[in-house]
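**Q** Mind looking at a prediction? Sequence and model below.
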Amino acid sequence: MAHSGLQILQQDQLEELTQNIKAWAQILGLSAIGISDTEITRAESELNSWLARGYHGEMDYMQKHGTKRSRPAELEPGTTRIISARLNYLPEPLTQSEQVLADPELAFIARYTLGRDYHKLLRKRLQRLVELIRTGVDNADFRVFVDSAPVMEKPLAQKAGLGWIGKHTNLIARDAGSWFFLGEIFTNIPLICDSPAQDHCGDCSACISCCPTQAIVAPYQLDARRCISYLTIELHGSIPEALRPDIGNRIFGCDDCMQVCPWNRFAKLTGEIDFLPRASLDSSTLVELFNWDEARFLKTTEGSAIRRLGHTRWLRNIAVALGNAPSSVTVVTALRKRLNHPSPMLREHVVWALDQHRV
């Protein structure tokens with residue numbers, strides 16, 4: 001990214017440009033913007049410790065890029081500033097999702113994925129912000145990231161003042177809770193940095209005690225191998241039997257640690273139509289979704305983050321939830337229909353689920 005032709009800006013020009021960036025971001029519909037430098041040494045140390053404990057499970061991508069993940073200028077040479085952006089996504093009042101979670105016959109899907117996949121939408125907003133910044137400075141370099149490269153977005157966002165990393169390891173903002181997406185712009189413009197956000201978790205441990213699988217093994221320490229989001233999204237093989245009963249009716253991700261966080265009473269509902277629930281995924285029954293064939297799965301999840309699961313892992317997750325559901329002829333019949341599925345991995349989960357119903 002190093003660019004010898006970068007326009008030299010005076011302090012007052014940098015201050016004006018920094019303010020303009022925040023104003024443009026607001027016009028573009030971004031929820032908040034913060035700016036930081038690239039130094040996150042402590043986060044690098046914590047990441048290495050987390051990896052050494054094996055808490056990343058099968059997520060090999062967390063370590064394969066070495067220090068590029070924690071040293072932005074190694075990932076994109078010449079980077080001196082990170083513009084971090086927040087975009088709220090909460091699609092409905094928390095009481096509605098709590099009602100779904102409380103009904104074992106319904107499928108609970110993490111609220112961030114009920115609508116369209118956020119990656120393209122947020123990337124477009126950030127690209128438009130880059131275009132506006134270019135009008136104010138000559139020969140600057142930029143690179144936009146939305147989960148598209150090894151970027152430690154939460155430590156960078158904390159340093160940029162967008163929120164602090166809570167005991168559940170998610171970012172929390174005092175004025176917005178934690179129901180938001182993050183994206184970044186790497187640049188070589190020496191913009192004015194914001195002050196880092198301070199931790200406001202205090203003595204609260206609601207997220208730790210509520211975790212269904214006890215994945216938060218200590219404050220600020222998440223063992224992903226026990227996390228329901230990992231088990232239902234990242235894990236490709238068999239879900240460990242000991243953890244299956246604790247998954248309940250959660251078939252894609254888990255929001256429990258955010259739902260109990262006191263700061264989420266300040267969460268704002270999204271204004272983005274694209275993030276609103278599609279295809280009744282916010283209130284469908286487990287049996288209904290388990291009966292989808294692959295064509296129906298692919299058609300219904302088009303443009304959704306759910307699609308990357310693939311049909312077989314989708315069925316795997318629902319089989320576990322059906323094993324946890326109240327026994328009924330409908331549940332048992334649906335499960336039996338999948339006993340001859342070509343995937344041995346899925347068949348094993350179906351057999352387990354039927355065993356829960358003593359069939």
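**A** Yes, it's here. Numbering: from 1, shown residues only.
**Q** need the contact list for Ser304.
**A** Neighbour list for Ser304: Thr113, Gly115, Arg116, Asp117, Arg278 [criterion: Cβ atoms under 8 Å, 6 or more residues apart in numbering]. (C-beta placed from N, C-alpha, C; glycine too.)
**Q** ugh, wrong one, I meant Glu92
**A** By Cβ under 8 Å, 6+ apart, the neighbours of Glu92 are Arg111, Leu269, Pro277, Asp282.
**Q** out of the residues you listed, which are buried?
**A** Buried members of those, scored by 16 or more other Cβ atoms under 10 Å, are Arg111, Pro277, Asp282.
**Q** quick one on the thing from earlier: columns pLDDT and secondary structure on top of the contacts of Glu92, output as JSON lines?
**A** Listed next are these as JSON lines, based on pLDDT from 0 to 100; DSSP: H, G, I helix; E, B strand; the rest coil:
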{"residue": "Arg111", "pLDDT": "96", "secondary structure": "helix"}
{"residue": "Leu269", "pLDDT": "95", "secondary structure": "coil"}
{"residue": "Pro277", "pLDDT": "95", "secondary structure": "coil"}
{"residue": "Asp282", "pLDDT": "94", "secondary structure": "coil"}
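**Q** Throw those residues into a markdown table and include distance to Arg313, thanks.
**A** As requested, the contacts of Glu92 are exported to a markdown table (distance: Cβ to Cβ, whole Å):
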| residue | distance to Arg313 |
| --- | --- |
| Arg111 | 20 |
| Leu269 | 30 |
| Pro277 | 21 |
| Asp282 | 20 |
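**Q** Neighbours of Ala64, how many?
**A** I think there's a mix-up here, since residue 64 is Lys and not Ala. By the criterion of other Cβ atoms under 10 Å, Lys64 has 10 neighbours.
**Q** So for it, what's the pLDDT?
**A** Here the pLDDT value assigned to Lys64 is 85.
**Q** Surely it is in a helix?
**A** No: using DSSP: H, G, I helix; E, B strand; the rest coil, the assignment for Lys64 is coil, not a helix.
**Q** can you map out the strands along the stretch 151-300 of the chain?
**A** In chain order, the stretch 151-300 of the chain shows strands spanning 164-165, 171-172, 180-187, 216-218, 221-222, 250-252, with DSSP state E, counting those that start in this stretch as the criterion.
**Q** possible to save those strands as CSV with mean pLDDT and mean neighbour count?
**A** Formatted as CSV, the strands of the stretch 151-300 of the chain follow (pLDDT from 0 to 100; neighbours: other Cβ atoms under 10 Å):
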stretch, mean pLDDT, mean neighbour count
strand 164-165, 98, 20
strand 171-172, 98, 25
strand 180-187, 98, 24
strand 216-218, 97, 15
strand 221-222, 98, 20
strand 250-252, 98, 27
